[in-house]
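*Asks:* requesting a structural model of the entry that follows:
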Amino acid sequence: MNETVTAAAVSRTVRVAKDLVHKHDGGQVLLSGLKRLAEDEFLVAADWTDAGLLVAAGDRGEGSAVLLTETIRQTFPLLSHAGYDVPFDHRLLWSEYRYTLNLGTLREEGVGGRPDLHIRCHDVVRRRGRVCALSLDVTVLRDGEQLATAHTRFTIQPPAIYERLRGSHGDAHRMLELARSRPLPPPVSGAGEEFRDVVLSPTDATDRWQLRIDTHHPMYFDHPADHAPGILLLEAAKQAVRTVRHPRVGLAEAMETVFHRYVELDSPCWVEARHLPDDQLGRARFLVTMHQEGQLCFTALVSVAKEQTG
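*Replies:* Got it, this is the predicted structure:
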C-alpha cells in the first residue's frame, strides 16, 4: 500500500447500496465503504456488527470462514461496478479462491466489529477496453490485527456471451422451478448447527454425500440463480470435512478451491472427501471433490486446525 488508510477514512454511516454487492436483501450487505488507494489498490470497509444470518452470536470458530468468504464475495461486484465501471448486467464468475484464518485471534476475540479489507488487484485482463478478469489479494485487519488473508480470481462476461455459453441452463427462473419440483433430500447429521444450513445429504458411503441445494435459503438464493452459488459449494466442502469420520476432524483453518464447472440445479451433484498427508504445518488435510453427470465441477483442499491444548 502506498498510503496509510484506516477505517476512519471510509464513511461508515450507511452500508453500500445492495445493488453494488448483488443482494436483494439489504440486511445481508456486509460492506460499508470503498476508497481507492491506487489504480488497482483499494480499502474496503466491512461491518460485522450485525451478521446473525451468517454467524451465531459468540461464534469463535468455523462460522468466521463463512462470514469472511461472503464479505470477500461482496467485494467482487463492488470493485467491478464502482472501481472498474463494469455494467450491472454483466455476470461475475468465480474461478479460484483460497483463504487462511488467524484462528488464534478469532478464538480469543470472536468475530464482529468493523474490519478493513486491504485489496490489491492484479493480472487484470481487458477486452475492448472493458475489464473481463482480475485477481484479488486480500488482507483482513481489525483494529490493526490481522484476521485473515485470501486470494481469489474471477472473470466477467457480458450478457450475450453468458447466454450463449449457458444455453437453456441460463434461465434462472426455469432452473429454480425444476429444482423446486423435486423434494429436498434429507440433511446429514452433524454437518451444521441448524437444519436450514445443512447442505449435504447422506448416502450409503461415509465419505460421499449428495449436495443438498435449498433454493429457498435466504443467503444462498437471496436472488434468482441459474446454478448453485460458489459460497454454497465452499460451505459443502467445509461440512464434508466436518462430517467425515477421522480422528483429527476440526475447524477448517485454510482452504484452496477451484471452480471447474457450474453445478447445475437439475441433476444430483455428488460430494466426496478423502484424507491426505498432513501439510507442512502439521495440519490434517482433506481433498473434497464435487462431480455432476460424471464431470468434475469443484475441488477444495482443506487444512484442519490443530486441536487446542491446555
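*Asks:* helix or strand with the lowest mean pLDDT in this protein?
*Replies:* Lowest by mean pLDDT, DSSP states H and E among the helices and strands of the chain is helix 103-109, with a mean of 85.
*Asks:* got the buried residues for the next helix or strand after it?
*Replies:* The C-terminal neighbour of helix 103-109 among helices and strands, as given by DSSP states H and E, is strand 116-127. For strand 116-127, burial by neighbour count (16 or more other C-beta atoms under 10 Å) applies to 116, 117, 118, 119, 120, 121. In short, each C-beta sits where N, CA and C put it, glycine included.
*Asks:* which of those sits closest to residue 128?
*Replies:* Taking C-beta to C-beta as the measure, residue 128 lies nearest residue 121 of those, at 19.1 Å.
*Asks:* now the closest one. Nearest residue, chain neighbours left out?
*Replies:* The shortest distance from residue 121 to any non-neighbouring residue, by C-beta to C-beta, 6 or more residues apart in numbering, is to residue 40 (4.1 Å).
*Asks:* same question, residue 122
*Replies:* Using C-beta to C-beta, 6+ apart, the nearest residue to residue 122 is residue 135, at 5.3 Å.
*Asks:* wait, what's in contact with the one you found?
*Replies:* With contact set as C-beta atoms under 8 Å, 6 or more residues apart in numbering, residue 135 has these partners: 121, 122, 123, 124, 151, 152, 153.
*Asks:* helix/strand/coil for residue 48?
*Replies:* Under DSSP: H, G, I helix; E, B strand; the rest coil, the three-state class of residue 48 is coil.
*Asks:* enumerate every residue touching it.
*Replies:* Taking C-beta under 8 Å, 6+ apart as the test, what residue 48 contacts is 30, 67, 71, 111, 112, 113, 114, 115.
*Asks:* and the helix or strand where the third one lies, how far out from the chain middle?
*Replies:* Residue 71 belongs to helix 63-78 when assigned by DSSP H and E. The chain centroid and the centroid of helix 63-78 are separated by 6 Å, computed with C-alpha atoms, centre = their mean, to the nearest Å.
*Asks:* check which helices and strands it is in contact with.
*Replies:* strand 31-38, strand 41-46, strand 91-101, strand 116-127, strand 130-142, strand 145-157, helix 230-243 (3 or more C-beta pairs under 8 Å, 6 or more residues apart in numbering; DSSP states H and E).
*Asks:* between that helix and helix 230-243, how many degrees?
*Replies:* Interaxial angle, helix 63-78 versus helix 230-243 (axes from the mean of the first three to the mean of the last three C-alpha atoms, to 10 degrees): 160 degrees.
*Asks:* for residue 40, what are phi and psi?
*Replies:* Backbone torsions for residue 40, taken as degrees, to the nearest 10, come to phi -130, psi 30.
*Asks:* do you know the pLDDT at it?
*Replies:* At residue 40, the model reports a pLDDT of 97.
*Asks:* rewinding a little: can you check which of the helices and strands packed on helix 63-78 gets nearest to residue 253?
*Replies:* strand 91-101 (5.4 Å).
*Asks:* pull out the buried positions in that closest one.
*Replies:* Residues of strand 91-101 classed as buried: 91, 92, 93, 94, 97, 98, 99, 101 (neighbour count, 16+ other C-beta under 10 Å).
*Asks:* got it, and stretch 264-281?
*Replies:* Neighbour counts over stretch 264-281 (16+ other C-beta under 10 Å) mark 264, 265, 266, 269, 270, 271, 272, 273, 275 as buried.
*Asks:* which residues touch the nearest residue to residue 248 once chain neighbours are set aside?
*Replies:* With C-beta to C-beta, 6+ apart as the criterion, residue 248 has its nearest non-adjacent residue at 4.1 Å, and that residue is residue 284. By C-beta under 8 Å, 6+ apart, the residues touching residue 284 are 246, 248, 249, 250, 275, 278, 303, 304.
*Asks:* also residue 140?
*Replies:* Counting by C-beta under 8 Å, 6+ apart, residue 140 touches 46, 68, 71, 115, 116, 117, 118, 146, 147, 148, 149, 150.
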